Structure formats: C-alpha cells, structure tokens
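1. Below are the sequence and a predicted model for it; my questions follow.
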Amino acid sequence: MLPHTTYPPVVTSAIQFALKTPPQGSIESPQLRIPPGYSDVQIDMVYFLPHLSRADAKQINGLSDTVIDGQNFQQWSRHRPADQWRPDIDNIETHLLYCHSLSRRGVEQEMSYSLKISGRHYESLRSHLFPGDGLEAIAFALCGRNRTDDGQILTVHKLVLIPHDQCERTPESVTWRTVALAAILDDVRRGGFALVKFHSHPTGYEQFSRMDDISDAECFAAISSWLDDDEPHGSAVMLPDGRIFGRVSENLWEAFSVISVAGDELLFWHSTPDEPVDRSEQLEAQIQLFGSGTVSRLRRLTVGVVGCSGTGSFVIELLARLGIGAMVLVDSDKIEGRNLNRIVNSRRDDIGDYKVDVLKREVESFGLATVVEAVARNLYDWESVIEISRCDVVFGCMDTAEGRHILNKIGTYYVIPYFDLGVHLAADGAGGIDEASGVVHYLQPGGSTLLCRKAYTLNQVQIEGLYRTDPEQYKERSSEGTSMV
Ligand SMILES: [Zn+2]
C-alpha cells in the first residue's frame, strides 16, 4: 500500500527520501537556513555543498556564495511564486522535497507542461472520482507526450479507474494498492506514456495537501524506478465542481501551465491568473458584450487555421478581431489572381506571395498584438502537424476530403477540438445559383468523426491521396475505367 494516509515521522524520513534517489553528482547533505519567524515565513534559499553545475555547462541563474560554519556553500536564490508557499502546510520536510526537485528541474525553469483531456475521458473521470458518496477516489491516465521546444503537452489516451472497492476511502484520503498500477506498467513502458494520477477532493480543498506531497513523491519515485525513465509524470486533483488542478511529478511545485478539456464545453484551467485585459478601444466593445473574463481567456488561446482561402481568410479575420492571442496559419498555396475576389484583405500586388504570409501581415496590421505563425506548407508536412499539435483549438477550412480526414485524425491524436467549416455554392450555369450551403462540424477528440458523419467517403480520400502523391497512376487508373468516384 502506498502511504497516502500515513504521515511519516518528521524530518528524518524526508531527508532519507531526498537521499533515496539522489540526482547524478548531487546532494550529499541538504541543509537549510531557517529565517526568523518560521514557520509561516517562506523559505526561499537552497544551499549546496559541493557546488552543482549543469551537465550542458550552461549558467545557473541566481547563484552566490555563502559561508556557513566555515564552509563555502553554493546559494541558490529560489523565490517561489506567492501562491506556492502554503503557510499552513509547508515546513522543513516539504522544503526538502522542494530542494530535491529543484536539483533535478530547477535549472530548467523555463520548461512548461500542460495536460489535455477529451470530453469523453473527462466525464468518465468525473463520475468515477465523484460517485456520490463524498469519499475520495483515484484513477490513472496513460498520456501521450507531445514534446515542444520548452516542455511537454501530455494528452490523455486511456484511463485506468481504480475500483472503489480496492481502495480504503475517506472524505480526506484514499489508500490504494500498487498492484493495480503494476498491471499497466508494461503498457506505459512500451508506449512511452506519461502516467498522470488523478484523485478527488470531495471536501473542495483547493490545493495539494501535505499528505499528497508525500504520497506523490513516493508514488512517482516508485514509478520512475519501475519504468527506469527520467521523464516527467503528473498528479492532478478534481474538485466537486469539476475543476482540475495538477502538477508535474519531477517538481512537485511546478503546476501544469494549463489543463484543458475538449468536450461539449471547452474548458481551460490555467495555473496563473488571467492577465488584466488591455481595455484599449479596439477591445472595449467585445468586453462589454462578452465580459472581460471571456476576452482574457481568448487572449490566452492559440488557434490553428488550416486552409487560408475564401472561408479560412474570413475565419482568420474574425478570430483576430475577437482578440485571440496567437494563431497558427497553415496553407501551402500562393495568392493567384482568381483568389482576389474571395480572400479577404488580399491585394493585386500580393499575387505570387504565400496566402499565410499575406494574412499574417494583415492580422499584425490590426494592432491587436496577435502573434501569428505562418506555415507555408501543406497538411501532409510534418512541420505543419507539429505546429497544429500545440494549438488549443483548430479550425479546418479545406475543401478536400483528404485534408479534412487527416485534420480530424490530428485533432483526435493530439486531443484538440476541431471545427470544420465549409461553404458550397452550386452554379446553375446560366448566371444563377442552384444552391448555397454552409456547414460547421464540431469534432471532439474521440467522438464521432467526419467520416462517420458521412461528410465524405473513404473512396474520395483515397482518390485525392492518389492524385496528390502519384498523378501518373491516378491518370492510368482513370483511363482504365477504375471507379474513381
Ligand atoms: Zn489529496
């Protein structure tokens, strides 16, 4: 049993824990200076002897030397964010855990971790963690690791709900058998997954408890040694109202920068408060209409738009004017004369330029501080997939079945909500229009797909794929009379 409920004897056990899995070339004797007024004064220094250095020889910030008992210690100044020192919880013991995590992760403070959950998984977690009896419950998620330049996005792919009758549950604790976890470790190792531990706080307690600190430290030390990896895992808590907060296993004081749910509602919980909205006159009307909370939330989103022609250019225009913070535009085509009548903001002297570059220029000229990444590549290019994978939401404005099919798969794989938009005008050949129609699909990761909604057929996808990758064979097969529709 992992001692979720058992609180080990004070300092000595924490020191033993800190030494149990020492980082390479690392701490032999963690020491603390306790400022006057302890215990509700934050401890914000860490001292090392021998001095630590980075394996990549890069500089460690905030260092100075301090002599303690005649010995020259390396002093790390590490002020925690205001809300990360918990006066009623933190003490020497938790600070030692903090020192331990700093020595592993503290030199990489720019790393950022986030967690994405589909609506289906979220609902299933919620009903398991809150079965209605007011007692804590526990579950694990196997998560894909989407590595970015400055961290990882963990995407929930599979849940393991630990049956209630296999746990000892109270309103403030849950104790569970590690054997339940051992059964899935092979899957985790083979898939290179991250494990995220979820438990509930039926009392509504809005932070990790001291017992959580101890339990997480032990649980993840065990998981790392079982898996023999040096990768971060995670721990998260769900509150009765469905909110989730969480942190990374390697540094128990490093919160997930954002946890999101792509379900019937799009939910985002950030670890830092929303920035106050710049009440510049451009956004004032939006603030009056939607409220400053919504506008702040939009500013924190990165939205991808794939397909930047007639439909896409209007979507981009509207998203930018709504005040979206960052956009990723994907399209490999250049502006042609025939596009000028339908790509908003395009001009004659743009002919020959990439659509994404022209639209990036226009959005930036609005003066709304939108950060735009222009990706002049098609969707089959790995670069495009990587850029889309870090988006919070993606809009597809393509007219090909193959493109829509692939974007649907990308959305599912990376747990990104996908809005598919299309407009169709059928000319009657005599100057009139037989039909004008538009369609919007909202596709949740793991939910129904465009294919099962019959937005296109697999045959169409195959034909378009053949046309794109092997035009010669496409022609041959067409002339042989093979059914191409
Ligand atoms: Zn807890």
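-> In hand now; what should we look at?
2. From residue 444, how far out is residue 189?
-> 29 Å (CB to CB, to the nearest Å). Where you see a C-beta, it was placed from the backbone N, CA and C, and this is true even at glycine.
3. meant to ask about residue 299, not that
-> To residue 444, residue 299 is 24 Å away according to CB to CB.
4. cool, residue 265 as well?
-> 10 Å.
5. These two: which has the busier surroundings?
-> residue 444 (21 against 10; other CB atoms under 10 Å).
6. Pull the contacting residues for the more buried one.
-> With contact set as CB atoms under 8 Å, 6 or more residues apart in numbering, residue 444 has these partners: 118, 119, 120, 262, 263, 264, 417.
7. Show me which pair in the residues you listed is furthest apart.
-> Across those, no pair lies farther apart than 120 and 417, at 12.4 Å, counting by CB to CB.
8. ok, these two, which is more surrounded?
-> residue 417 (24 against 16).
9. pLDDT wise, what is the nearest residue to the more buried one once chain neighbours are set aside at?
-> Leaving aside its chain neighbours, residue 417 sits nearest to residue 262 (4.0 Å; criterion: CB to CB, 6 or more residues apart in numbering). The model reports residue 262 with a pLDDT of 97.
10. the strands in the stretch 151-300 of the chain, which residues?
-> Using DSSP state E, counting those that start in this stretch, the strands found in the stretch 151-300 of the chain span residues 151-161, 167-170, 173-176, 194-200, 234-238, 244-248, 251-255, 258-262, 266-270.
11. need these in TSV with mean neighbour count and distance to residue 91, can you?
-> Output for those, formatted as TSV (neighbours: other CB atoms under 10 Å; distance: least, CB to CB, whole Å):
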stretch	mean neighbour count	distance to residue 91
strand 151-161	21	29
strand 167-170	17	23
strand 173-176	21	19
strand 194-200	25	22
strand 234-238	24	20
strand 244-248	22	18
strand 251-255	22	14
strand 258-262	25	28
strand 266-270	16	28
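12. For those, which has the smallest mean pLDDT value?
-> strand 251-255 (a mean of 71).
13. Number of residues surrounding residue 391?
-> Neighbours of residue 391 (other CB under 10 Å): 25.
14. I'd like the distance between it and the ion.
-> 32 Å (CB to the ion, to the nearest Å).
15. can you pull the contacts of that residue?
-> Residue 391 is in contact with 302, 303, 304, 328, 416, counting by CB under 8 Å, 6+ apart.
16. where does it land in three-state SS?
-> What DSSP: H, G, I helix; E, B strand; the rest coil gives for residue 391 is coil.
17. What sits closest to it if chain neighbours are left out?
-> The shortest distance from residue 391 to any non-neighbouring residue, by CB to CB, 6+ apart, is to residue 304 (3.8 Å).
18. Need the pLDDT of the residue in the stretch 1-150 of the chain positioned nearest to the ion.
-> In the stretch 1-150 of the chain, the residue that lies nearest the ion is residue 136 (6.8 Å; CB to the ion). As predicted, residue 136 sits at a pLDDT of 97.
19. how about the closest residue to residue 414 other than its chain neighbours, what does it touch?
-> Once flanking residues are discounted, residue 414 sits nearest to residue 389: 4.5 Å by CB to CB, 6+ apart. By CB under 8 Å, 6+ apart, the residues touching residue 389 are 146, 153, 410, 414, 416.
20. same question, residue 272
-> Here residue 272 is in contact with residue 257 (criterion: CB under 8 Å, 6+ apart).
21. For residue 245, see how far away it is.
-> 12 Å.
22. circling back to that earlier point, ok so the residue nearest to residue 391 is a helix residue?
-> No - per three-state DSSP, residue 304 lies outside any helix segment and is strand.
23. residues near it, how many?
-> Residue 304: 27 neighbours (other CB under 10 Å).
24. is stretch 116-134 anywhere near the ion?
-> No - judged by CB under 5 Å from the ion, stretch 116-134 and the ion are separated, with a smallest distance of 11.2 Å.
25. got the CA coordinates for that stretch in PDB?
-> Extracted as PDB, the C-alpha positions of stretch 116-134 are listed here (Å, rounded to 0.1, in the frame of the first residue of the first chain):
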ATOM      1  CA  LYS A 116      -5.200  17.800 -22.400                       C
ATOM      2  CA  ILE A 117      -8.300  15.700 -21.800                       C
ATOM      3  CA  SER A 118     -11.100  14.700 -24.200                       C
ATOM      4  CA  GLY A 119     -14.700  15.300 -23.100                       C
ATOM      5  CA  ARG A 120     -15.300  11.600 -23.000                       C
ATOM      6  CA  HIS A 121     -12.400  10.900 -20.700                       C
ATOM      7  CA  TYR A 122     -13.300  13.900 -18.500                       C
ATOM      8  CA  GLU A 123     -16.900  12.700 -18.000                       C
ATOM      9  CA  SER A 124     -15.700   9.200 -17.100                       C
ATOM     10  CA  LEU A 125     -13.100  10.600 -14.700                       C
ATOM     11  CA  ARG A 126     -15.700  12.800 -13.100                       C
ATOM     12  CA  SER A 127     -18.200  10.100 -12.500                       C
ATOM     13  CA  HIS A 128     -15.500   7.700 -11.100                       C
ATOM     14  CA  LEU A 129     -13.900  10.300  -8.800                       C
ATOM     15  CA  PHE A 130     -17.300  11.600  -7.500                       C
ATOM     16  CA  PRO A 131     -19.500   8.600  -7.200                       C
ATOM     17  CA  GLY A 132     -21.800  10.400  -4.900                       C
ATOM     18  CA  ASP A 133     -20.600   9.000  -1.600                       C
ATOM     19  CA  GLY A 134     -18.400  12.000  -0.600                       C
END
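26. Name all residues that make contact with the closest residue to residue 49 other than its chain neighbours.
-> Nearest non-adjacent residue to residue 49, counting by CB to CB, 6+ apart: residue 73, 4.9 Å away. By CB under 8 Å, 6+ apart, the contact set of residue 73 is 31, 47, 48, 49, 65, 66, 67.
27. now do residue 417
-> Residue 417 touches 262, 266, 393, 394, 411, 442, 443, 444, 445, counting by CB under 8 Å, 6+ apart.
28. Go through the contacts of residue 391 and name the one nearest the ion.
-> Set against the ion, the nearest of these by CB to the ion is residue 416 (29.4 Å).
29. can I assume residue 97 sits in a helix?
-> Yes - assessed with three-state DSSP, residue 97 lies in a helix.
30. hang on, it packs against residue 217?
-> Yes - judged on CB atoms under 8 Å, residue 97 makes contact with residue 217 at a distance of 5.5 Å.
31. More neighbours: these two, which one.
-> Shown here are residue 97 and residue 217; by other CB under 10 Å, residue 217 has more neighbours (23 against 20).
32. and the gap between that one and residue 197?
-> Residue 217 sits 12 Å away from residue 197 when distances are taken as CB to CB.
33. of all the contacts of residue 417, which comes closest to the ion?
-> So of the contacts of residue 417, ranked by how close each gets to the ion (CB to the ion), first place is residue 262, at 25.6 Å.
34. Can you tell me who the closest one pairs with across the strands?
-> residue 118, residue 266 (DSSP bridges).
35. and it, what does it touch?
-> By CB under 8 Å, 6+ apart, the neighbours of residue 262 are 116, 117, 118, 119, 415, 416, 417, 444, 445.
36. Three-state assignment for residue 146, please.
-> With three-state DSSP as the basis, residue 146 sits in strand.
37. and the gap between the residue nearest to it when sequence neighbours are not counted and residue 302?
-> Spatial nearest neighbour of residue 146, chain neighbours left out: residue 153 (4.2 Å); criterion: CB to CB, 6+ apart. Counting by CB to CB, the gap from residue 153 to residue 302 is 11 Å.
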